[in-house]
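A.B. asks: Turn this into a model:
(one chain, ligands or ions: 1)
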Amino acid sequence: MPDQPPILSNVPDSFPWGVLTRRHPDLIATVRRLVPYPPEVQGALDELRDMDTIPPLPAGARDRAAWQVWSAAYVGQKWLDVPFLWAESYFYRLLLEATGYFGSGPWAGVDPFAPQKSAELDSPDLARDLENLGDLVGAPEQDGLSAALTAALWGNRADLGFRMSDPSAQDRSQVDDLVADDSAELWRLLDGGTENRVHLVADNAGRELVADLVLIDRLLETGRAATVVLHLKPQPYYVSDATVTDLLQVLRRLEAAGGAACGIAGRLGTAIGDGRVRVRAHAFWCTPLTFHEMPSDLVAELGGASVVVVKGDLNYRRLVGDAHWEPTTTFRDLTAYFPAPLVALRTLKSDVAVGVDPDRLAHLEATTPGWRTDGTHAVIHVRP
Ligand SMILES: O=P(O)(O)OC[C@@]1(O)O[C@H](CO)[C@@H](O)[C@@H]1O
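C.D. replies: Numbering: from 1, shown residues only. You can find the predicted model right below:
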């Protein structure tokens, strides 16, 4: 990664400080409220909430050796004094440890965030999205593609972790005028003339995954993609990150909705069955590392892609590096290392900002103080 100090969380009232001191304790309280864990798990969660210094993973944890390497510089330090990106990732790993997710007891494999994810699938907002899918599927080809891309972009605006610390986020209106919009470049890359292999690195379950699946369906149906690889998380992460279990739930929800939604679920089921859509859940996606450190098997796999679409705020931080970049630094320069043509679809929900035109930046700074973190602004960046 280019030489730039990482963002820490030790500036009071800064965005990362709020995540560690407010969002994480709130999350633990929510998990305790929604899942009837036994006393020993509740105790472990309380311990995590009250922890001042960073502990190692317990002996016997299956990925202890890997975390020993990633955490050597940070164990024993205060949470607020270590890189924000690392601290959040390790917090979620410890939360799974506390709930017994990787253990051998009855709570093994139980997603502590499942009740929140299910509630989103039952929401009236999602029901409305699904009712409107008929218009999108029936639209002229490029209109349908553009609408699906827009939905996949804004589907990222209110992940469940973000909404928990900012409940009004869902109701704030999005600023449709994107901070950067390279979408024309994406359609040039996927011009339909060749057998395109698209990879989509997903972010959140629920409404966002629905929108991602609609985009995948449109890409396949219009011939813009011959095959798609959908990258999901191998385990629960950042509250709402999508796992294979979440994918299956979303497909069931689409089926149950009937109409165009059910048609999409049917086509995707067939495409998974005949190998045109492949589902992957690489361990790297839940590590505290930036994408500069992707393992060689993942580099090789992504390197064969016509386009890699990377979703969301956290993935964006991992793509460019979680640092206080000068916002006019170009996305292309910072992602030159990436092994394939790259598209980032991100609503801004943290301090990192790059690829912003100087005039737009001056306007945003003068008029909209929360533009980097309040989820109302978005970018489509392409590095061909
Ligand atoms: O990656 P996502 O789902 O778009 O966003 C995740 C997020 O809510 O969590 C992180 C801070 O906790 C930030 O990257 C962002 O605010």
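
A.B. asks: Domain boundaries for the protein, per the record?
C.D. replies: What automatic domain parsing lists as the domains of the chain is 15-111, 118-383.

A.B. asks: Contact residues of the stretch 101-250 of the chain facing the ligand?
C.D. replies: For the stretch 101-250 of the chain, the contact set with the ligand under Cβ under 6 Å from any ligand atom comprises Asn156, Asp159, Gly161, Phe162, Asp203, Asn204, Tyr238. In short, each C-beta sits where N, CA and C put it, glycine included.

A.B. asks: now these as CSV including secondary structure?
C.D. replies: Shown next, in CSV, are these (DSSP: H, G, I helix; E, B strand; the rest coil):
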residue, secondary structure
Asn156, coil
Asp159, coil
Gly161, helix
Phe162, helix
Asp203, coil
Asn204, strand
Tyr238, coil
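
A.B. asks: Could you point out which of the residues you listed is nearest to Lys349?
C.D. replies: Top of the list for closeness to Lys349, among these and by Cβ to Cβ, is Phe162 at 5.3 Å.

A.B. asks: Can you get me a residue count around Phe291?
C.D. replies: Using other Cβ atoms under 10 Å, Phe291 has 24 neighbouring residues.

A.B. asks: contacting residues around it?
C.D. replies: For Phe291, the contacting residues are Asn315, Arg318, Leu319, Phe338, by Cβ atoms under 8 Å, 6 or more residues apart in numbering.

A.B. asks: In a helix, the first one, correct?
C.D. replies: Yes. When the secondary structure is assigned by three-state DSSP, Asn315 falls within a helix.

A.B. asks: thought it was touching Asp203?
C.D. replies: Yes. In this structure, Asn315 is within contact of Asp203 by Cβ atoms under 8 Å, at 6.2 Å.

A.B. asks: thinking again about what came up before, of the domains of the chain, flag the one that's most buried.
C.D. replies: Most buried of the domains of the chain by mean neighbour count (mean count of other Cβ atoms under 10 Å) is domain 118-383; its value is a mean of 19.

A.B. asks: is stretch 286-300 up against the ligand anywhere?
C.D. replies: No. If you take Cβ under 6 Å from any ligand atom as the test, stretch 286-300 misses the ligand, and the best it gets is 12.5 Å.

A.B. asks: And that stretch, end to end?
C.D. replies: End-to-end distance for stretch 286-300, by Cα to Cα, to the nearest Å: 19 Å.

A.B. asks: Could you do stretch 201-211 as well?
C.D. replies: 13 Å.
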